[in-house]
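Asks: what follows is a predicted protein model with its sequence.
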Amino acid sequence: MTLRIAVAGASGYAGGEVLRLLLNHPGVLDGSIEIGALTAGGSAGTTLAAHHPNLLPLADRVLGETSPETLAGHDVVFLGLPHGHSATLAEQLPPSTLIIDCGADFRLNDSTAWEKFYGSPHAGTWPYGMPELPGARDKLRSATRIAVPGCYPTGTSLALAPAVAAGIIEPRITIVAVTGASGAGRSLRTDLLGAEVMGSARAYGVGGVHRHTPEITQNLQALTKQPVSVSFTPILAPMARGILATCVAPTTATAAEARDIYLAAYADEPFVHVLPEGQLPQTSAVVGSNAVHLSVHVDASAGTLVVVSAIDNLTKGTAGGAIQSMNIALGLPETAGLSTVGLAP
Ligand SMILES: NC(=O)C1=CN([C@@H]2O[C@H](COP(=O)(O)OP(=O)(O)OC[C@H]3O[C@@H](n4cnc5c(N)ncnc54)[C@H](OP(=O)(O)O)[C@@H]3O)[C@@H](O)[C@H]2O)C=CC1
Ligand SMILES: CC(=O)N[C@@H](CCC(=O)OP(=O)(O)O)C(=O)O
């Protein structure tokens, strides 16, 4: 049987990255997976090449309107749309269709947190596409609806989960994370003009207001009975892709104890890699790959655990996590179509 996959939001960064990865997926290469409808908003009617000239095998595909009609008849539908579109589309597609939403609509459990940070009614909660979190794989195995995590929550939750679960930190956590501009999508915004981004770095969403704060907190709170607090500061840096996060929390553990906990927690994870001592994560090492690079440190004079993580926001932080979750839901090898080899320098 051939599985048909549609991608809504194919002209965007998330949709384009889903397609880039699918083009190297063994199912697409052997013909058991077919790339079906590609849709967009205002770009409907244009070719994919106009938006993603890198995706040569699909260059001549014409983008359709994003509607239940164009997305019907597919076994898997990826949604790479702005927040707020997923619920209406999902309601009009069969319950058996595997819908994988790169947007935020179904990530949070708590309606109050959703309304506070997104300012709209809460659509609900779907199984969360971060397989490395305890219990997540079981929920993904039978899922037909999957909420793909945000990019910052991916790099930071995986950097902190082992420490929170093992109880080696006081979960009063400070995160400062640098991102590339593709994290903001490709819609026209004056603050994302080349002249504004190049040669400068700036913080934004400071003071507990960034909408990924409740998502990171939710992921970590599920691992401990102690109340978790997260102070999260994002920084926009002059690069296209990548997130480098520095995560800090009080600890009395030694560096060796902390490192052993991380090595054990991720020993069997294909994508999460604790770097050898003395090596530090850098975004260029993970760009284009589904890898998460971590380094684990204890600052003995400050009494803090410091974990540094690097991911590609579009790969592990969106489309790679989405394909990894799809593989699990479809019973395919989890790593199919996903690489741990980054594009450096
Ligand atoms: N960029 C990232 O690193 C990450 C993104 N995400 C999430 O993925 C989703 C897509 O983000 P991203 O790809 O960056 O955004 P982009 O702005 O790059 O792409 C948005 C896509 O949605 C389409 N679209 C916009 N408005 C509508 C509409 N009203 N109806 C139908 N289609 C529409 C656009 O089509 P058109 O060209 O026609 O406007 C485009 O294909 C978002 O929910 C985002 O939060 C999640 C994690 C990380
Ligand atoms: C640079 C930049 O603006 N980055 C985005 C990250 C968005 C993201 O990861 O996705 P979701 O919107 O799906 O949560 C931001 O900070 O909002």
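Replies: Thanks, I have it. Ligands and ions are numbered 1, 2, ... in the order given.
Asks: who's in contact with Leu343?
Replies: Taking CB atoms under 8 Å, 6 or more residues apart in numbering, we find Leu343 in contact with 284, 287-289. C-beta coordinates here come from the backbone N, C-alpha and C atoms, glycine included.
Asks: and the chain, what are its domains?
Replies: 3-149+316-330, 152-312 (automatic domain parsing).
Asks: still on that earlier bit, who wins on neighbours among the contacts of Leu343?
Replies: Val287 (23 neighbours; other CB atoms under 10 Å).
Asks: residue contacts, it?
Replies: Contacts of Val287 by CB under 8 Å, 6+ apart are 241-242, 312, 315, 342-344.
Asks: columns pLDDT, distance to ligand 1 and secondary structure on top of these, output as a markdown table?
Replies: Written out in a markdown table, the entries for the contacts of Val287 read as follows (pLDDT from 0 to 100; distance: CB to the nearest ligand atom, whole Å; DSSP: H, G, I helix; E, B strand; the rest coil):
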| residue | pLDDT | distance to ligand 1 | secondary structure |
| --- | --- | --- | --- |
| Arg241 | 97 | 8 | coil |
| Gly242 | 98 | 10 | coil |
| Asp312 | 98 | 9 | coil |
| Thr315 | 98 | 9 | helix |
| Gly342 | 96 | 16 | coil |
| Leu343 | 94 | 16 | coil |
| Ala344 | 91 | 19 | coil |
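Asks: from these, which two are the most distant?
Replies: Pairwise distances across those peak at 13.6 Å for Thr315 and Ala344 (criterion: CB to CB).
Asks: looking at these two, which one has more neighbours?
Replies: Thr315 (30 against 12).
Asks: and the domains of the chain: which comes nearest ligand 2?
Replies: Of all the domains of the chain, it is domain 152-312 that lies closest to ligand 2, at 3.1 Å by CB to the nearest ligand atom.
Asks: quick check: end-to-end length of the closest one?
Replies: End-to-end distance of domain 152-312 (CA to CA, to the nearest Å): 10 Å.
Asks: how about that domain, does it reach ligand 2?
Replies: Yes - judged by CB under 6 Å from any ligand atom, domain 152-312 comes into contact with ligand 2 at 152, 179, 181, 183-184, 212, 234, 236.
Asks: rewinding a little: between the domains of the chain, which one is nearest to Leu338?
Replies: Evaluated with CB to CB, those place domain 152-312 nearest to Leu338, the distance being 4.1 Å.
Asks: gap between the closest one and the chain center?
Replies: Averaging C-alpha positions (CA atoms, centre = their mean, to the nearest Å) puts domain 152-312 12 Å from its chain's average.
Asks: what of stretch 323-336?
Replies: Its chain's average C-alpha position is 15 Å from that of stretch 323-336, according to CA atoms, centre = their mean.
Asks: can you give me the pLDDT of the closest residue in space to Leu81 that isn't next to it in sequence?
Replies: Closest residue to Leu81 apart from its sequence neighbours, by CB to CB, 6 or more residues apart in numbering: Gly9 at 4.5 Å. On the pLDDT scale, Gly9 is placed at 98.
Asks: then Trp114?
Replies: pLDDT, Trp114: 98.
Asks: mind listing what it touches?
Replies: Trp114 touches 108, 120, 122, 214, counting by CB under 8 Å, 6+ apart.
Asks: for these, which ChimeraX command selects only the ones that are buried?
Replies: Buried residues within those, by 16 or more other CB atoms under 10 Å, are selected in ChimeraX with:
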select :108,122,214
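Asks: now the residue nearest to Ala166 when sequence neighbours are not counted: phi and psi?
Replies: Leaving aside its sequence neighbours, Ala166 sits nearest to Ile261 (CB to CB, 6+ apart; 4.7 Å). When read as degrees, to the nearest 10, the backbone of Ile261 gives phi -60, psi -40.
Asks: for Ile261, give its distance to Thr304.
Replies: From Ile261 across to Thr304, the span is 15 Å (CB to CB, to the nearest Å).
Asks: so which of the two has more stuff around it?
Replies: Using other CB under 10 Å as the criterion, Ile261 and Thr304 rank with Ile261 on top: 20 against 17.
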